Structures are given as C-alpha cells and as structure tokens.
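Asker: Dropping the sequence and predicted coords here.
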Amino acid sequence: MGAGYAIDLHTHSLRSDGALEPGALVERAAARGVTIQALSDHDTLAGIPAAVAAGERTGVRIIPATELNTESEWGDVHILGYFMDPADIALEERLQWLRDNRGRRIELMVERLNAQGHPVSLERVLEIADGGALGRPHLAQALFEAGHVPSYDAAFEGLIGKDAPAYVSRVGLTPHEAVELIVAHGGVPSLAHPFTVIGLDELLPQLVATGLVGIETYYGSHSPAWTTRCLRLAADHGLVPTGGSDFHGRGDHGTDLGGTFVPPETVPALEARRRASLPVTI
Ligand code: AMP
Ligand code: ZN
Ligand code: FE
Ligand code: FE
C-alpha cells in the first residue's frame, strides 16, 4: 500500500487527538512508504517510545516532536517542535501544565454543553481520549456518538466551534512563549499550517527574532499559491520549509500519512539548524 511520500513531519496519535495508538500509527505510515516520521502530538511526548519501537521494527525513523497550540490575538498559531527529548523532566513539567489546562477547559465545555441541552458525559470524553492530551476532537466524537451532530466534523462547525456558546478558550502559551519553550529545551520550532494565522506578515518576523527555524510550507490544505507564499517567506527570513500530513485519523482533518510531499533536504536542513544552536562541546 505504498501510496504515500517518504517524509511526514506532522502526525498525531491517541496520545493526543489522533485515533491510532502510536505503534499502529507508525505501522500504517510504514505500509504507506513513509521512512521518516515526526510524531507531533499536542502538548505531549508520551507516544515517542512506542513510536520509536515500532519504527525500529518497520524501518521508520521517528523524529520526536510536539505541537503547541497558542492563545493570542493572532488566530490559530500552532508551533511544531522537532527533536524534543522525552526524558527532559523540566520540559515534561511544562507540557503537563499545558495538558492540565486542556483538561480543565474541556470540563468547562462539557458543563456548558450540558447546560445548553446537548448532554455528553465527561466520562465518555475521557474514555475516548484514552489518557491522551484532551482536546475538542474528543468532545466532537462524544457529541457525534450522542447524536447531537450529524458527523464528527459538523461538531466543529456548530456546537464547539470558536463562535459557539459552549466554546471556552484555553489558558496557554503565547506564540512567542511556545517558540521560546522549544528553543530552551534544545528543539527546533516550525510554524504549523501558517494559513490559520491572522496577521502572518507581521507576526512572522517577530517569531523569527524569538528563534523560529521553520515554516510549514507543504500542507494538504495549502493551495499552490499558499505554498509559493510560504516558500517566499522562508527565503526572506532564512527559514526551513517543512511539511506533513497532520494525519489524525478522525474526520476530514489532514491528509493520510505521507499524503503531502516533503522534499528530502528538509530533515538535514533542520538537523543543521539544530546543531548550529546547540552549545559547542569540545
Ligand atoms: P483544541 O486544541 O482542543 O482547540 O482542538 C483543536 C484540534 O481540533 C485541532 O488540532 C484539530 O485536530 C481539530 N479541529 C479543529 N477545527 C476542526 C475542524 N473544523 N474540523 C475538524 N477538526 C478540527
Ligand atoms: Zn490535533
Ligand atoms: Fe495544528
Ligand atoms: Fe496537528
């Protein structure tokens, strides 16, 4: 079934809001022809060991990564962090704080939905998340199961979309703090799906000054014009163009694993920028 491209630098497992266990996700990627995969679950590195083990079995190199969603007036700014260390305890403390905030926010949204006549049980939402970093996708699944929406995707357009009365915004990092956190822990930050940012031309140079290294250029829902725009921004600001499927395995969000072409020079370019930012040891 090798119908995908070899490099996928944006994927999600059940450790956050994807539908597959990390091992099964990597096996599926391998079957589709992926040889380098970043597991980039939201606010967690919990899936990395299982992904690496599956990668060793199936010949997929796993790049440990995470995706940090942020809260600001800049729209949906998500920062991918590559080459993160799952054994970094100080980093894990920060990620745990972000996950705790995710949990409280989903609890509040469940309360609101119940008060608004769309009852879902928090227990079911937690069951769907199966211990992974909680998010609206788990709530969307529960709402669909309870018959409140005709499909998983419809939940985001109606009941839990940003304009819906049950929507609760998250306490979290600003875009700058997300870039700083990744850099401070030896990672390489890239701006995910830039088309969701409001005021990209203004925000981007600021994030570059904070340490941004990449811009997600190759992305399933990017039009050719957007890809071209990102390539130009990358050239102007000295950024590495990155890309990936954003596969979740839930609803229509993202493409299938390896579904988006990412050029082979991308990973060496990210590695070079990582080496350049590490302290020199003699
Ligand atoms: P949250 O971080 O809890 O606000 O949830 C954001 C996540 O929900 C994203 O990472 C996507 O996986 C998913 N999502 C957001 N908007 C949509 C949408 N319109 N359709 C499907 N999934 C969505
Ligand atoms: Zn997601
Ligand atoms: Fe995202
Ligand atoms: Fe994502």
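Answerer: Cool, the structure landed. Ligands and ions are numbered 1, 2, ... in the order given.
Asker: which stretches of the stretch 1-150 of the chain have low pLDDT?
Answerer: 1 (pLDDT under 70).
Asker: Most proximal residue of the stretch 1-150 of the chain with respect to ligand 4?
Answerer: Per Cβ to the ion, E67 is where the stretch 1-150 of the chain lies closest to ligand 4, at 4.9 Å. The C-beta positions use only the backbone N, C-alpha and C, and glycine is treated the same way.
Asker: surely that residue meets S190?
Answerer: No. In this structure E67 lies outside contact range of S190 using Cβ atoms under 8 Å: 9.7 Å.
Asker: Could you name every residue contacting both of those two?
Answerer: Residues touching both E67 and S190 (Cβ atoms under 8 Å, 6 or more residues apart in numbering): I79, L80.
Asker: In terms of neighbours, single out the busier of the two.
Answerer: Set E67 next to S190 and count neighbours by other Cβ atoms under 10 Å: S190 wins out with 33 against 24.
Asker: contacting residues for the more buried one?
Answerer: Here S190 is in contact with 9, 79-80, 82, 212-216, 239-240, 242, 270 (Cβ under 8 Å, 6+ apart).
Asker: Show me how to select, in PyMOL, the buried members of these.
Answerer: Filtering those down to the buried ones (16 or more other Cβ atoms under 10 Å) takes a single PyMOL command:
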select buried, resi 9+79+80+82+212+213+214+215+216+239+240+242+270
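Asker: Quick one: classify the residue of the stretch 1-150 of the chain closest to ligand 4 as helix, strand or coil.
Answerer: strand (DSSP: H, G, I helix; E, B strand; the rest coil).
Asker: separation between it and A269?
Answerer: 20 Å (Cβ to Cβ, to the nearest Å).
Asker: what residues are up against the residue nearest to L200 when sequence neighbours are not counted?
Answerer: Once flanking residues are discounted, L200 sits nearest to P194: 5.6 Å by Cβ to Cβ, 6 or more residues apart in numbering. Contact analysis of P194 by Cβ under 8 Å, 6+ apart lists L200, L204, I215, E216, W226, C230, L233.
Asker: Is the last one within a helix or a strand, and which one?
Answerer: Here L233, judged by DSSP states H and E, is contained in helix 224-237.
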